[in-house]
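> From the sequence below, what's the structure:
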Amino acid sequence: MYWVNIKELRAKCQKTDYGYDVYPLMFRFIRVISIYFTWLLIQTRCKPNTITIFGVIFGVLSGVMFFCGFVGTALTLVTLAVIADFSDGEVSRFHGTTSKEGTYLDSIHHFVVQPFFIAGIVLWGFESNSNHFFLAAGMVSVINSIILSLAVTSAVDNALLKHLLRYIKNNGNIRKQTEMVASSKSQKQKAKFYRTIPGTVARMMDFPYVIIIMGIGAALMHYGKGSIFTVNGNLLIYVIYMYAFLSASLICVFIWNVVHSRHIEKRLNEIIKTM
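This is a model prediction of the structure:
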């Protein structure tokens, strides 16, 4: 048993390289809740990877429950899936354990949970309003939720290559650059990007914010029937339309960025060979 208080646990498990002010309020709110689940989990023998796997299972089941019409159960399960995504890292930091398997499973969590959840919520919403445009936008959203993660990953890799190339040209020291990428200076540059409008939009389109916003829309539609927010299910419809449009736009931006800079890696290899 670990008799550590919440304040100490928060300081140890929720430290970040660029501060909570970088993240949207929703992120910080989840951290307030997740730390209590983390406290319970560290009292058990549950490993971080096991928590991640359970998060994936909860996320998939939430989509299935939405499709079956069990909205309350679906919202509960997806809430647990989101909390698991935060608690697995906190448990890992508490025990001081990291692994490539954990990073891989965390990526699987994002790739699997969000598409299943969106698909379930769209099919459930379609049964309520029979809006075929909503169904089409929902299916586009499911596909985009997968492609967007791949597009962002490639764009980030491309951005790092640009940064690395610039530094090598100026300093000619690849080892020093590798150290700088992991330094606080690099993290501050990343934080600066997240404070811009594109950075904020990209962050808000990421897991778990999309799930939370759609979940709120579904909850209002189901439990707030007759309110100004849920007449004919309009709130959920608009959320899906907006996600489909913004995710498609971001995918185009990231793909253009990577394709436009396809010479970066080739140029980097040429410079390394001359060193």
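
> How about I251, nearest residue that isn't a chain neighbour?
A151 (4.9 Å; C-beta to C-beta, 6 or more residues apart in numbering). The way it works is simple: take the backbone N, C-alpha and C, and place the C-beta from them, glycine included.

> Which elements pack onto the strand or helix carrying M221?
With secondary structure defined by DSSP states H and E, M221 is part of helix 209-223. Applying 3 or more C-beta pairs under 8 Å, 6 or more residues apart in numbering; DSSP states H and E, one finds that helix 209-223 contacts helix 25-42, helix 71-95, helix 100-129, helix 234-260.

> Dump those into TSV; add mean pLDDT, distance to P48 and mean neighbour count as well.
Compiled in TSV, those are given as follows (pLDDT from 0 to 100; distance: least, C-beta to C-beta, whole Å; neighbours: other C-beta atoms under 10 Å):
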stretch	mean pLDDT	distance to P48	mean neighbour count
helix 25-42	85	9	16
helix 71-95	91	4	21
helix 100-129	87	6	19
helix 234-260	82	29	17
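
> what's the closest of the ones you listed to G55?
Nearest to G55 among those is helix 71-95 (3.0 Å), distances taken as C-beta to C-beta.

> What is the closest one packed up against?
helix 6-13, helix 25-42, helix 48-68, helix 100-129, helix 209-223.

> Can you convert the ones you listed into JSON lines and add a column each for distance to A84?
Shown next, in JSON lines, are the helices and strands packed on helix 71-95 (distance: least, C-beta to C-beta, whole Å):
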{"stretch": "helix 6-13", "distance to A84": "14"}
{"stretch": "helix 25-42", "distance to A84": "8"}
{"stretch": "helix 48-68", "distance to A84": "3"}
{"stretch": "helix 100-129", "distance to A84": "8"}
{"stretch": "helix 209-223", "distance to A84": "12"}
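
> Show me the shaky parts of the stretch 151-275 of the chain.
Residues of the stretch 151-275 of the chain meeting the criterion pLDDT under 70: 152-204, 225-233, 258, 260-275.

> and with 50 instead?
In the predicted model of the stretch 151-275 of the chain, residues 174-186, 228-229, 231 satisfy pLDDT under 50.

> and the helix holding M221 with helix 25-42, angle?
90 degrees (axes from the mean of the first three to the mean of the last three C-alpha atoms, to 10 degrees).

> follow-up on the earlier one: mind putting the helices and strands packed on helix 209-223 in CSV, distance to F207 included?
Conversion of those to CSV gives the following (distance: least, C-beta to C-beta, whole Å):
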stretch, distance to F207
helix 25-42, 11
helix 71-95, 7
helix 100-129, 5
helix 234-260, 12
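
> so which of those helices gets nearest I6?
Nearest of those to I6, taken as C-beta to C-beta: helix 25-42 at 6.0 Å.

> Assign the closest residue to I237 other than its chain neighbours to helix, strand or coil.
Excluding its sequence neighbours, the residue lying closest to I237 (C-beta to C-beta, 6+ apart) is F134, at 5.1 Å. With DSSP: H, G, I helix; E, B strand; the rest coil as the basis, F134 sits in helix.

> ok, how many other residues are close to F134?
21 (other C-beta atoms under 10 Å).

> pLDDT at it, what is it?
Confidence at F134, expressed as pLDDT, is 89.

> Residue numbering should commence at 25 henceforth.
Got it, the first residue is 25 from now on, which makes the last one we talked about F158.

> OK, contacts around it?
146, 149-150, 261, 264-265 (C-beta atoms under 8 Å, 6 or more residues apart in numbering).

> Which one of the residues you listed is nearest to L99?
G149 (13.6 Å).

> I132 versus the closest one, what's the distance?
26 Å (C-beta to C-beta, to the nearest Å).

> and if you look at C92?
On the measure of C-beta to C-beta, C92 and I132 end up 24 Å apart.

> try S173
Distance, S173 to I132, by C-beta to C-beta: 11 Å.

> Same check on E151?
29 Å.
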